[in-house]
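Asks: Could you look at this predicted model? Sequence included:
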Amino acid sequence: MRNWFKSLARCCGPGAIVQVERRSRVGVGIGVGIVAVLLALLSLAPASDSAYLPGRVLVKLRPGLELSGRARVVATAAATTEDRDALLADARRFDRRLREAGAVEAESLGAGSQTYEVVLETDADAAWLAEQFAAEAAVVFAEPNGVRSALRKPNDQLVPEQWSLENIQAFDAWNITTGSGVVVAVIDTGVSASHPDLVGQVLPGYNAILDNDDSDDTNGHGTAIAGLIGAHADNTLGIAGVCWGCQILPVKVLDTSGSGRDADLVRGIRWAADQGVQVINLSLGGARESQSLQEAIAYAFNRGSVMVAASGNDHRLGNLTNYPAAYPQVIAVGAVGTNDGITSFSTTGSHIDLVAPGLSLWATAPGGDYGVFSGTSFSSGFISGASALVRSLRPDLGPSDVACILEASADDRGQPGKDPEYGWGRVNVFRALQLAQTYTTCPLPAEPAEATPPPPPAPADSSPLSVPAENAETAFGPAAPIPTTSGQHYFPETRHTLSGEFLGFWQRQGGLAVFGFPISEVYREMGNDGVPHLVQFFERHRLELHQDQPEPYRMQLSRLGDEVLAIQGAAGSPLRRACLPQGASSSRPPATRCATRFGAPGAATG
């Protein structure tokens, strides 16, 4: 009987029938009969699995029972309950089962645990034996002795500095998948395909500005995003991307300065969608809505592309809602720091869906280099990488389902549920992949229909200007303090005021960081077009209001008297160009750049 049980336990392993035939000392007819029985049982016992050790089972006994070192069931002094006789009977049955199975050793997993590792004489299939043991009344549970390994942590030099990977549980996620068969379009400043950490990862791309295939990066922003999404891993170099088994499709829509036209952005999104990309990353945006852009977003979404966009870095400058992040088909992404706190620059609002690391992040840089970056641009890259991992595991799912998986599996932060700062929470890639494996329908509650909002307050731009000064001499003199409200602001540092459209433009386009403090009041000055306009001077720039022009051409700007600066031997700082129509009058060459990247190389924006 004992030899038969041993052989039966081996039925799921190679050579099981040979073992039975060799052990059998009876006639040929009986041997053939046993072989027939075992052939039938082969379909009942599962095949061996490398996820656990053969011949070793973990068993927990009922209170009042123990296992000796030789795997014999022993009743303890605690076994003095009313059902002692029944307990002893159960113990004897299990003891007999252990001997039949060939158990030779048992080791406790800890005092008071009632749990033991049972070692068998043979390399019997542990999963099958665990099922048999678990059916015994003396046993609380039985399971195979599983095999686990260290988390998949790449050997890239900067991985220890990539705090973000631990934060989003990327190492656990990579034990499930590192991504394959998924293409992520990076619609940005282009990508440096020759970077050592990106070689072979970058597909031939498209330049929407020049309508050609030159998608090389002349700024660095797009290369950093591409590295966070899909840089090689386990190559001893630099960083590891979130989806390092994925490929990058570069689409260049922003120029060397990091700005671009809506027309090029729309063209780039539609081109990427036509290539069948599964994920589109948009680490760019602007505060003005665009029907053309919204239609391009819907076009890509309806063709199956997961759309991910940065929320913006304007929280300290009015917290203006940015597009395309605020469109409903887009996963809008905010930024958190190392302690999961919302960064001071991350734009917030009811449209925010998720947050991800966005502060002090190592990423790829032009020239084969690496740099530290901050901004919601880079947070967006993590969500795009996570989306690609989900799609590599579940290519059957559409964009809405991928978004739901990421949102439902996020680590909730801030207020319970969805809130304006964190959205559904900070992305957890491991939990997302776990959910993706069993996902059928979205578990999130449907968001309630929004009530008709009250009329919004008038924006800062529509507030009346303070009375213009009579002339330049008066304008540059100190102004009397006024109360600071949403439509006007007094700066004691220079004793000047900002209001109306000048205040609105100043806030949207960078505030103190770009323009500095106002150094004059508003007054009328003759423009280059021979028409007097309202102007105001700042520490670094001059704004000129063309009240006869439609948006976005009303406010024109120039460097603060380049001629004056040259005379003084001073130098101004770079500035994103404002939007101007072709042929518009200005003290600088015309430009039509309207979209701006979120996050600058090497610049901590929060």
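Replies: Okay, I see it.
Asks: count of residues packed around Phe141?
Replies: Burial of Phe141 is recorded as 12 neighbouring residues (other Cβ atoms under 10 Å). C-beta here means a position set from N, CA and C on the backbone, and glycine is covered the same way.
Asks: For the closest residue to Leu433 other than its chain neighbours, which residues are in contact?
Replies: Leaving aside its sequence neighbours, Leu433 sits nearest to Ile176 (Cβ to Cβ, 6 or more residues apart in numbering; 4.6 Å). Applying Cβ atoms under 8 Å, 6 or more residues apart in numbering, we find Ile176 in contact with 393, 430, 433-434, 437.
Asks: For Ala273, state which of these is nearest.
Replies: Nearest to Ala273, judged by Cβ to Cβ, of the contacts of Ile176 is Leu393 at 22.1 Å.
Asks: now the helices for the stretch 351-500 of the chain?
Replies: For the stretch 351-500 of the chain, applying DSSP state H, counting those that start in this stretch gives helices covering 376-393, 399-408, 429-438, 472-475, 500-508.
Asks: same question, the stretch 1-150 of the chain
Replies: Going by DSSP H, counting those that start in this stretch, the stretch 1-150 of the chain shows helices at 2-9, 16-23, 28-41, 84-101, 126-134.
Asks: isn't Gln536 right up against Leu543?
Replies: Yes - using Cβ atoms under 8 Å as the test, Gln536 is close enough to Leu543 to be in contact (5.2 Å).
Asks: okay, and the common contacts of those two?
Replies: With Cβ under 8 Å, 6+ apart, Gln536 and Leu543 have common neighbours Phe502.
Asks: quick one: which of the helices of the stretch 351-500 of the chain is nearest Asp419?
Replies: Checked against Cβ to Cβ, the stretch from these lying closest is helix 399-408, at 12.4 Å.
Asks: Check which helices and strands the closest one sits against.
Replies: For helix 399-408, the packing partners by 3 or more Cβ pairs under 8 Å, 6 or more residues apart in numbering; DSSP states H and E come out as strand 306-310, helix 376-393, helix 429-438.
Asks: got JSON lines for the ones you listed, with mean neighbour count, distance to Arg72 and mean pLDDT too?
Replies: Shown next, in JSON lines, are the helices and strands packed on helix 399-408 (neighbours: other Cβ atoms under 10 Å; distance: least, Cβ to Cβ, whole Å; pLDDT from 0 to 100):
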{"stretch": "strand 306-310", "mean neighbour count": "31", "distance to Arg72": "59", "mean pLDDT": "97"}
{"stretch": "helix 376-393", "mean neighbour count": "31", "distance to Arg72": "47", "mean pLDDT": "97"}
{"stretch": "helix 429-438", "mean neighbour count": "19", "distance to Arg72": "41", "mean pLDDT": "95"}
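Asks: Of all those, which one comes closest to Val333?
Replies: That would be helix 376-393 among those, by Cβ to Cβ, at 4.6 Å.
Asks: The closest one versus helix 429-438: what angle between them?
Replies: 30 degrees (axes from the mean of the first three to the mean of the last three Cα atoms, to 10 degrees).
Asks: Just checking, which helix or strand of this protein averages the lowest pLDDT?
Replies: helix 16-23 (a mean of 26; mean pLDDT, DSSP states H and E).
Asks: mind saving the C-alpha coords of stretch 334-344 as PDB?
Replies: What follows is stretch 334-344, C-alpha atoms only, in PDB (Å, rounded to 0.1, in the frame of the first residue of the first chain):
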ATOM      1  CA  GLY A 334      -0.500  65.700 -12.000                       C
ATOM      2  CA  ALA A 335       2.900  65.500 -10.200                       C
ATOM      3  CA  VAL A 336       3.900  64.300  -6.700                       C
ATOM      4  CA  GLY A 337       7.200  64.300  -4.900                       C
ATOM      5  CA  THR A 338       9.000  61.600  -3.000                       C
ATOM      6  CA  ASN A 339       6.500  61.500  -0.100                       C
ATOM      7  CA  ASP A 340       3.500  61.500  -2.500                       C
ATOM      8  CA  GLY A 341       2.700  65.100  -1.700                       C
ATOM      9  CA  ILE A 342       1.400  67.200  -4.600                       C
ATOM     10  CA  THR A 343       4.200  69.400  -5.900                       C
ATOM     11  CA  SER A 344       3.800  73.200  -5.600                       C
END
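Asks: List the buried residues for it?
Replies: 334-337, 342-343 (16 or more other Cβ atoms under 10 Å).
Asks: Restricted to strands, list the residues you listed.
Replies: Among those, the ones falling in strands (DSSP state E) are 334-336.
Asks: Out of the residues you listed, the closest to Asn207 would be?
Replies: Using Cβ to Cβ, those come closest to Asn207 at Ala335, 28.6 Å.
Asks: For that closest one, give its distance to His351.
Replies: Here Ala335 is placed at a distance of 15 Å from His351 (Cβ to Cβ, to the nearest Å).
Asks: for Val139, same thing?
Replies: Taken as Cβ to Cβ, the span from Val139 to His351 is 54 Å.
Asks: In contact with the most centrally placed residue in the chain, which residues are there?
Replies: With distances taken as Cα atoms, centre = their mean, the residue of the chain nearest its centroid is Ile383 (2.5 Å). When contacts are counted by Cβ under 8 Å, 6+ apart, Ile383 touches 308, 331, 333, 354, 356, 406, 427.
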